[in-house]
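Participant: Below are the sequence and a predicted model for it; my questions follow.
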There are 2 protein chains.
Amino acid sequence: MFCKVPNSKRRLYHQFCGLARALDFVGERWTLLIIRDLLLGPKRYSDLLNGLPGLTTNLLAKRLKELEQDGLIEKTKVPPPNPASVYQLTNLGLELEPFLLAGLEWGHRFLTRPTEEEVLDIGWSLLRLKNLYKTGYQLTFEVHTENKIYHSALRPQQIAVRDGPHPDSELRLTGPPVYIHELFFGPTPASELPDQGLIVVEGKFGRWPRLLAAFGLS
Amino acid sequence: MFCKVPNSKRRLYHQFCGLARALDFVGERWTLLIIRDLLLGPKRYSDLLNGLPGLTTNLLAKRLKELEQDGLIEKTKVPPPNPASVYQLTNLGLELEPFLLAGLEWGHRFLTRPTEEEVLDIGWSLLRLKNLYKTGYQLTFEVHTENKIYHSALRPQQIAVRDGPHPDSELRLTGPPVYIHELFFGPTPASELPDQGLIVVEGKFGRWPRLLAAFGLS
DNA sequence: CCGGATCCTCGGTGATACTG
DNA sequence: CAGTATCACCGAGGATCCGG
């Protein structure tokens, strides 16, 4: 059995309520965003630090320590070659996904175009596909931006969205993050962007319309 | 159209991500708990203050101002008699319910028995019935504790949980909050508590088993 | 009494520098 | 690369006071 209250001595709400208890665990600044990034795959300390501009190293260290103590994440060693310690979600941490996705869904309405000072990691947008997917498809595709690669695996009963390439990818979308975002969530019909040359679609024939259908795009 | 970023100048994440944007609005301390309480019905300033021990008056005032500016709540006047200004959720605020309920569901696993210093408002527990209800029933019931009354209206397609009595209540559960909680969510079969005299069930015949069935209780 | 505003203190947050 | 140490600051918490 897990502990019923966060371990480290932070400020608690002292309310016998599921929501208050959840916020006792992950309600502090940056915590939920760290979990969001780990939802896309295990990450090293510096990966998290670089991926979360504004979060400083001392606070990241503190958050990771708390999350580990609380049993939401665990620090594991990646076997050689390239031995490194990475942080990944435990089952308890993974189960925060519905909470996280619900918040992402609510806040999505405010996203139009990123402002000058705003950071955009296309993985954050791709997570929303988990809310949109209606099941019943079989397809694996990759998304390539400048320096990052994500993939998504659509199966009849589920969808996975993770960082990195996929060994059996059938389709590849390449383009700037902002256009990838617009392709999936923008007001313009998704099929226009490749036509305009803003996004390059490569891969097996017939997979592209299937991808559009899987998320109800035109 | 609503504003795309919170109005008041607080600390923002500056990330082009729905979750980060949601947290820009409601990620600060106490904010989501205020919305939780308003989800159960409109409330006056002092209602909120009394219902949220630990929240101080200055901070409540600040939060309410921010929430109103952001368009999540609105301050309305209740007509006489007993004219008072109450705060209630706007549609935008109401749409936070899935997010809130998802968090409540995740944190619920940590609730066993309230500790000495922990506050328990049975309305918070009753909100979870929204997650448990499977549709297909028709029933209205009230929950009476010492000084608070809540009601729930089960309809074929939806469920409502609010504070106050209901004009057409068919069933009334009376007892201490901790036993009401245990009745719905405790490990012991729900039907035992009335048998032991810890909870009093009154109302129309046949409604009691229907209530148990509506939430998958034994 | 209701609905706040003001003052003060303390701890969490953020920025920078430093170390194994 | 993966953190720790130090410090400034601001927001949270607590108490008191104010206007209707």
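Facilitator: On my side now, so go ahead.

Participant: what does chain A put close to DNA strand C?
Facilitator: Where chain A comes near DNA strand C, counting by CB under 7 Å from any atom of the strand, the residues are A:9-11, A:28-30, A:54-59, A:62. In this view, the C-beta of every residue, glycine as well, is placed from N, C-alpha and C.

Participant: where in chain A is pLDDT low?
Facilitator: Chain A contains residues with pLDDT under 70 at A:1-4, A:8, A:79-81.

Participant: Apply 90 and report the result again.
Facilitator: The model of chain A has pLDDT under 90 over residues A:1-11, A:53-54, A:77-85, A:115-117, A:134, A:146-147, A:186-197, A:205-206, A:218.

Participant: Residue A:58 versus residue A:38, what's the distance?
Facilitator: Note on residue A:38: its distance to residue A:58, by CB to CB, to the nearest Å, is 19 Å.

Participant: Counting neighbours, go ahead and name the busier of those two.
Facilitator: More neighbours surround residue A:38 than the other of residue A:38 and residue A:58, with 23 against 8 (other CB atoms under 10 Å in any protein chain shown).

Participant: Quick check, the more buried one in contact with residue A:88.
Facilitator: Yes: the pair residue A:38 and residue A:88 qualifies as a contact (CB atoms under 8 Å) at a distance of 6.2 Å.

Participant: Between the two, which contacts overlap?
Facilitator: Residues touching both residue A:38 and residue A:88 (CB atoms under 8 Å, 6 or more residues apart in numbering or on different chains) are residue A:73.

Participant: Residue A:144: what's its closest spatial neighbour, skipping adjacent residues?
Facilitator: residue A:174 (4.3 Å; CB to CB, 6 or more residues apart in numbering or on different chains).

Participant: Tell me who's in contact with the one you found.
Facilitator: Residue A:174 sits next to A:143-145, A:199-200, A:202 when contact means CB under 8 Å, 6+ apart.

Participant: Which one (most neighbours) among those?
Facilitator: Neighbour max across the contacts of residue A:174 (other CB under 10 Å) = residue A:143, 26 neighbours.

Participant: Surely that residue is within a strand?
Facilitator: Yes: Residue A:143 forms part of a strand when assessed by DSSP: H, G, I helix; E, B strand; the rest coil.

Participant: how does chain A divide up, domain by domain?
Facilitator: With domains defined by automatic domain parsing, chain A comprises A:18-108, A:122-214.

Participant: need the contacts of residue A:174 in a markdown table with distance to residue B:71, can you?
Facilitator: Formatted as a markdown table, those follow (distance: CB to CB, whole Å):
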| residue | distance to residue B:71 |
| --- | --- |
| A:143 | 33 |
| A:144 | 38 |
| A:145 | 33 |
| A:199 | 34 |
| A:200 | 40 |
| A:202 | 43 |
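
Participant: And these, which two are furthest apart?
Facilitator: Across the contacts of residue A:174, the longest distance by CB to CB is 14.6 Å; it joins A:145 and A:202.

Participant: which residues touch the nearest residue to residue A:61 once chain neighbours are set aside?
Facilitator: What sits nearest to residue A:61 in space, not counting adjacent residues and going by CB to CB, 6+ apart, is residue A:45, at 8.0 Å. By CB under 8 Å, 6+ apart, residue A:45 lies in contact with A:60-61, A:64, A:85, A:87.

Participant: ok, now residue A:5?
Facilitator: By CB under 8 Å, 6+ apart, the contact list for residue A:5 reads A:12, A:21, A:24, B:110.

Participant: Would you mind pulling the contact partners of stretch A:114-127?
Facilitator: For stretch A:114-127, the surrounding residues in contact (CB under 8 Å, 6+ apart) are A:36-37, A:39-40, A:51, A:53, A:100-101, A:104, A:143, A:145, A:148, A:150, A:152, A:161, A:163, A:177-178, A:180-181, A:184-185, B:14-20.

Participant: from these, which would you call buried?
Facilitator: Among the contacts of stretch A:114-127, those scoring as buried are A:36-37, A:39-40, A:51, A:100-101, A:104, A:143, A:145, A:150, A:152, A:161, A:163, A:177-178, A:180-181, A:184-185, B:14-20 (criterion: 16 or more other CB atoms under 10 Å in any protein chain shown).

Participant: Now the closest residue to residue A:218 other than its chain neighbours. Its backbone dihedrals?
Facilitator: With sequence-adjacent residues excluded and distances taken as CB to CB, 6+ apart, residue A:218 is closest to residue A:189, at 4.4 Å. Here is the backbone geometry of residue A:189 (degrees, to the nearest 10): phi -60, psi 140.

Participant: and if you look at residue A:74?
Facilitator: phi -140, psi 150.

Participant: any idea how far residue A:42 is from the spatially closest residue to it that is not a sequence neighbour?
Facilitator: The spatially closest residue to residue A:74, leaving aside those adjacent along the chain, is residue A:90, at 5.5 Å (CB to CB, 6+ apart). Separation of residue A:90 from residue A:42 (CB to CB) stands at 12 Å.

Participant: next one: residue A:153
Facilitator: Taken as CB to CB, the span from residue A:153 to residue A:42 is 17 Å.

Participant: Then residue A:176?
Facilitator: Here residue A:176 is placed at a distance of 26 Å from residue A:42 (CB to CB).

Participant: can you check residue A:184 too?
Facilitator: Separation of residue A:184 from residue A:42 (CB to CB) stands at 25 Å.

Participant: picking up where we left off before, save the contacts of residue A:45 as CSV, and put in distance to residue A:209, neighbour count and secondary structure too.
Facilitator: Formatted as CSV, the contacts of residue A:45 follow (distance: CB to CB, whole Å; neighbours: other CB atoms under 10 Å in any protein chain shown; DSSP: H, G, I helix; E, B strand; the rest coil):
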residue, distance to residue A:209, neighbour count, secondary structure
A:60, 42, 17, helix
A:61, 47, 12, helix
A:64, 43, 18, helix
A:85, 43, 11, strand
A:87, 38, 21, strand
